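Engineer: missing the sequence, but the structure's below:
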């Protein structure tokens, strides 16, 4: 059985906190490996393409900050959304700035992802500092 990883939880939490902060609706996030990915944060497409670019850039920004693997899938997705090197750099810097201000929320989401998958309704509770119920 696959195990949850702190590094993956931190990475996926970066996507979650930036995406939600920008008004995107989280469907599901997981720090468990699945099919062809190590973990995921699924935000159904819709709304702001800038929001989705920054949400995607959050994973790249986190990896840059901690000196980790650049998660080439995130970088490739960001390049498809932004289409220019300067747009990619700008999105990563903006996402990094958001992550800096959302540090305590990022930590709570990371801890939660180490325990279970998260749905959109879990995020409001975490943002308020509440503990999640034991049931998924």
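Structural biologist: Done, it's in. Just so you know, these numbers come straight off a predicted model, no measurement behind them. Numbers count the residues shown, from 1 in each chain.
Engineer: going forward, measure contacts and count neighbours with C-alpha atoms only.
Structural biologist: Will do.
Engineer: could you pull out the strands for this protein?
Structural biologist: 28-30, 40-42, 118-119 (DSSP state E).
Engineer: and the contacts of the first one?
Structural biologist: Meaning strand 28-30. Strand 28-30 is contacted from outside by 9, 12, 16, 39-43, 113, 116-120, using Cα atoms under 8 Å, 6 or more residues apart in numbering.
Engineer: by neighbours, which of those residues wins?
Structural biologist: residue 16 (32 neighbours; other Cα atoms under 10 Å).
Engineer: so how far is the helix or strand of the chain with the lowest mean pLDDT from its chain's centroid?
Structural biologist: Lowest by mean pLDDT, DSSP states H and E among the helices and strands of the chain is helix 120-127, with a mean of 79. Its chain's average C-alpha position is 14 Å from that of helix 120-127, according to Cα atoms, centre = their mean, to the nearest Å.
Engineer: quick one: pLDDT of the residue positioned nearest the centre of the chain?
Structural biologist: What sits nearest the mean C-alpha location of the chain, by Cα atoms, centre = their mean, is residue 15, with 1.3 Å. If you check residue 15, the pLDDT there is 96.
Engineer: remind me which residues of this protein are low pLDDT?
Structural biologist: Residue ranges of the chain with pLDDT under 70: 1, 46-48, 70-71, 133-136.
Engineer: which residues of it fall in helices?
Structural biologist: Applying DSSP state H to the chain gives helices spanning 6-21, 49-66, 72-82, 85-101, 103-115, 120-127.
Engineer: tell me which other helices or strands the fourth one touches.
Structural biologist: The helices and strands touching helix 85-101, judged by 3 or more Cα pairs under 8 Å, 6 or more residues apart in numbering; DSSP states H and E, are helix 6-21, helix 49-66, helix 72-82.
Engineer: mean neighbour count, these: which tops it?
Structural biologist: Most buried of the helices and strands packed on helix 85-101, by mean neighbour count (mean count of other Cα atoms under 10 Å): helix 6-21, with a mean of 24.
Engineer: and that helix, what does it pack onto?
Structural biologist: strand 28-30, strand 40-42, helix 49-66, helix 85-101, helix 103-115.
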